[in-house]
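Undergrad: Sharing a model prediction with you, sequence too.
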Amino acid sequence: MLEPIVVTLEELNLITLVPMCIAIFGALLIICIDLVKERLDKSFYLMITLLFLAVDFVAVLASAGLFEQVGSVRGFFDVMFIDGLAILGQLIIVGASMLFIPLALTSKRFHEYNYPEYFGMFLFMVGGFQFMVATDNLILIFVGLETASLALYTLIALHNRDKSFEAAIKYFTMGALGAALFSFGAMLLYAVSGSIEIAHIAAVVKADEYANIEILLVGVVMLLAALGLKVSLVPFHTWLPDVYEGSSAALAGYMSIVPKIAAFVVAMRLFEFLIHSGVVWLEVILYAVVVLTMTAANLWALVQSDVKRMLAYSSISHAGFVMAAILIATTQANSALFIYWILFSFTNLGAFTMLWVSRQKDLLPGQSSDHPYDKFSGMIRTMPVAAVVMGLFMLSLAGMPPFAMFWGKLYMISAAVNAEYVILALIMAINSAIAAYYYLKLIVYMFMKEPHYEGMQQYYMTNSSGALKTIIGFAAFATVFIFLALNPIMEFVTALVQKSGF
């Protein structure tokens with residue numbers, strides 16, 4: 001007779017679950033409060049959400065302190081895995097969420113914020129993304145991915161416009177395809193290794209000297225396709241511009257940051273052990289995907305007539321730029337990935353939030369979409385402060401010194417050069433030059449053209465609020481002056497990445 005296995009609380013190491021549980025508990029609390037007391041003001045739920053996010057952020061920082069003392073930590077039957085990548089991923093996820101959620105204190109016309117369920121779903125989504133990055137167990141990655149995705153579909157649909165329902169359905173359809181591909185890819189990796197833990201899979205396939213390389217190839221390609229759908233890599237990007245257009249501008253900016261960093265961390269864990277082992281076919285596939293994503297997305301962005309769709313294609317190009325770090329697979333490149341995405345978070349969320357400020361309920365005569373370039377014509381005369389701030393974000397996205405994204409691109413390109421990916425570095429530099437054209441195009445409209453639509457100033461005045469101005473101001477300040485704090489950020493990120501063995 002088999003003896004029962006005794007598991008103690010100390011062995012479970014439940015502290016590894018604390019940050020995610022804070023977000024999940026906050027979501028459940030909001031739903032329960034709404035059941036007991038209806039029609040409470042949205043500011044009450046916003047404060048609860050922001051409080052739990054702040055506590056969550058502190059808990060992640062505490063995990064960073066623990067990691068620096070004892071190294072990587074496993075917990076809860078070894079499915080949780082807290083290392084430097086998990087900590088950095090969670091800091092970006094929770095930090096960007098803390099920047100986004102105060103935008104709920106804006107004009108009443110954005111009715112989705114009046115639903116308590118919005119804030120509950122938002123915290124469920126944050127918890128799901130945290131689970132994704134804080135494990136190397138394929139099943140838990142899948143559970144976290146689906147938890148976050150299902151909540152995100154709902155947040156998109158709550159915007160309650162015709163394009164919002166279309167966007168939610170498209171995102172749901174592509175998400176279902178991604179879930180199927182991830183499941184089949186994980187099954188094939190389990191077939192060749194007998195494990196669902198990425199570290200153990202890497203050890204087994206290396207010990208077997210890649211005896212089942214054909215099955216491994218199919219499984220990895222399926223997983224790459226699944227993550228490509230989340231990161232919006234070409235050719236898996238087709239859903240993204242329509243989904244961004246149907247979402248509120250602020251949520252589109254959030255979607256361009258948080259889901260992608262979670263997918264980048266998972267991709268780093270999945271693919272880099274194969275790259276370090278010299279599996280050439282994976283390097284070739286990733287090289288092609290990275291170059292195609294950067295270049296094609298930039299070319300599509302060049303021909304857009306709507307600023308929101310331009311920024312959507314721009315975010316695809318940035319995803320390809322950052323995916324290059326996983327191809328390069330050095331400590332400097334992996335550190336550059338996180339530094340780039342931290343800087344991108346401030347700039348891109350700020351840019352999309354500026355679109356949020358200018359959103360109107362009904363299209364004006366002759367207006368074909370919410371945010372055509374003509375809408376921003378002559379903004380320097382009608383709204384000079386808004387024009388200057390939007391110009392700062394565009395210059396940063398274009399990689400102009402000394403703004404935030406210049407340092408991110410410089411660090412990423414230098415990582416490629418140091419790893420002897422000189423041609424890739426040249427392609428990255430050329431794509432940065434191409435991208436500068438469509439970013440500067442918007443600046444030309446704002447500063448050098450006559451106003452096209454009458455009465456646009458009223459929309460900026462109506463949609464502005466103290467919280468919104470504070471978030472935009474903070475993002476603009478970080479975009480301009482982040483270089484003053486760049487060295488401490490680089491040291492912190494590099495130390496965590498090095499200690500994680502990446």
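TA: Great, that's in hand.
Undergrad: quick one: secondary structure of the closest residue in space to residue 243 that isn't next to it in sequence?
TA: Leaving aside its sequence neighbours, residue 243 sits nearest to residue 167 (C-beta to C-beta, 6 or more residues apart in numbering; 4.3 Å). In short, each C-beta sits where N, CA and C put it, glycine included. Secondary structure, DSSP: H, G, I helix; E, B strand; the rest coil: residue 167 is helix.
Undergrad: Next: residue 81.
TA: Under three-state DSSP, residue 81 comes out as strand.
Undergrad: Bridge partners for it, pull those for me.
TA: residue 74 (DSSP bridges).
Undergrad: need the contact list for it.
TA: Shown in contact with residue 81 (C-beta atoms under 8 Å, 6 or more residues apart in numbering): 72, 73, 74, 134, 135, 136, 137.
Undergrad: change it to 10 Å
TA: For residue 81, the contact set (C-beta atoms under 10 Å, 6 or more residues apart in numbering) comprises 16, 72-75, 133-137, 140, 197-199, 269.
Undergrad: Show me which of those is closest to residue 318.
TA: Set against residue 318, the nearest of the contacts of residue 81 by C-beta to C-beta is residue 133 (19.0 Å).
Undergrad: what's the burial count for the closest one?
TA: Neighbourhood size, residue 133 [other C-beta atoms under 10 Å]: 29.
Undergrad: any idea which element the nearest residue to it once chain neighbours are set aside lies in?
TA: Take residue 133 and drop its neighbours on the chain: the residue closest to it by C-beta to C-beta, 6+ apart is residue 89, 3.4 Å away. Using DSSP states H and E, residue 89 sits in helix 84-100.
Undergrad: list the buried ones in the next helix or strand after that helix?
TA: Once the chain leaves helix 84-100, the next helix or strand it forms, by DSSP H and E, is helix 116-133. For helix 116-133, the neighbour count (16 or more other C-beta atoms under 10 Å) marks 116-133 as buried.
Undergrad: cool, and stretch 25-33?
TA: Buried, per 16+ other C-beta under 10 Å, within stretch 25-33: 26, 27, 29, 30, 31, 33.
Undergrad: which residues touch residue 418?
TA: Listed by C-beta under 10 Å, 6+ apart, the contact partners of residue 418 are 328, 330, 332, 333, 425.
Undergrad: quick one: contacts for the residue nearest to residue 243?
TA: Here residue 167 is in contact with 153, 156-157, 159, 161, 239-247, 251-252 (criterion: C-beta under 10 Å, 6+ apart).
Undergrad: follow-up on the earlier one: what's the angle between the helix holding residue 89 and helix 116-133?
TA: Orientation check (axes from the mean of the first three to the mean of the last three C-alpha atoms, to 10 degrees): helix 84-100 against helix 116-133 gives 160 degrees.
Undergrad: buried set for helix 84-100?
TA: 84-100.
Undergrad: Also stretch 168-175?
TA: Residues 168, 170, 171, 172, 174, 175 are the ones in stretch 168-175 that count as buried (16+ other C-beta under 10 Å).
Undergrad: which element is the last one on?
TA: To tie it back to what came earlier, the one meant is residue 175. helix 162-193.
Undergrad: So what's the gap between that helix and the chain middle?
TA: Distance, stretch centre to chain centre, for helix 162-193: 17 Å (C-alpha atoms, centre = their mean, to the nearest Å).
Undergrad: The stretch 301-450 of the chain: strands as residue ranges?
TA: Counting by DSSP state E, counting those that start in this stretch, one finds no strands in the stretch 301-450 of the chain.
Undergrad: Poorly predicted segments of it, please.
TA: The model of the stretch 301-450 of the chain has pLDDT under 70 over residues 358-370.
Undergrad: Let me know how buried the nearest residue to residue 17 once chain neighbours are set aside is, in neighbour terms.
TA: Residue nearest to residue 17 in three dimensions, not counting chain neighbours: residue 76, with 5.7 Å by C-beta to C-beta, 6+ apart. Here the number of neighbours of residue 76 (other C-beta under 10 Å) works out to 17.
Undergrad: again, but for residue 419
TA: Neighbour number of residue 419 under other C-beta under 10 Å is 18.
Undergrad: Pull the contacting residues for residue 182.
TA: So residue 182 contacts 138, 141-142, 145-146, 222-223, 225-227, 229-230, 266 (C-beta under 10 Å, 6+ apart).
Undergrad: With residue 237 instead?
TA: Counted by C-beta under 10 Å, 6+ apart, residue 237 has contacts 174, 228-229, 231, 292-293, 296-297, 300, 312-313, 315-317, 319-320.
Undergrad: what's the answer for residue 191, then?
TA: 212, 215, 216, 219.
Undergrad: out of these, which are inside strands?
TA: Using DSSP state E, no member of the contacts of residue 191 falls in strands.
Undergrad: which among those residues end up buried?
TA: 216, 219.
Undergrad: Mind picking the one among the contacts of residue 191 that's closest to residue 104?
TA: residue 219 (41.4 Å).
Undergrad: How about the closest one, nearest residue that isn't a chain neighbour?
TA: Per C-beta to C-beta, 6+ apart, closest to residue 219 is residue 188, 3.2 Å.
Undergrad: Let me see the contact set for the one you found.
TA: 212, 215, 216, 217, 218, 219, 220, 221, 222, 223.
Undergrad: secondary structure element for residue 65?
TA: Once you assign secondary structure using DSSP H and E, residue 65 falls within helix 42-70.
Undergrad: in that helix, what counts as buried?
TA: For helix 42-70, by 16+ other C-beta under 10 Å, it's 42, 45-46, 48-50, 52-53, 55-57, 59-60, 63-64, 67.
Undergrad: other SSEs contacting that helix?
TA: helix 18-36, strand 73-75, strand 80-82, helix 84-100, helix 116-133, helix 486-499 (3 or more C-beta pairs under 10 Å, 6 or more residues apart in numbering; DSSP states H and E).
Undergrad: Distance check, residue 381 against residue 387.
TA: 8 Å (C-beta to C-beta, to the nearest Å).
Undergrad: tell me, what's touching those two both at once?
TA: Residues within reach of residue 381 and of residue 387 at once, by C-beta under 10 Å, 6+ apart, are 446, 447.
Undergrad: Compare neighbour counts for the two and give me the winner.
TA: Taking neighbours as other C-beta under 10 Å, residue 381 and residue 387 compare with residue 387 leading, 20 against 14.
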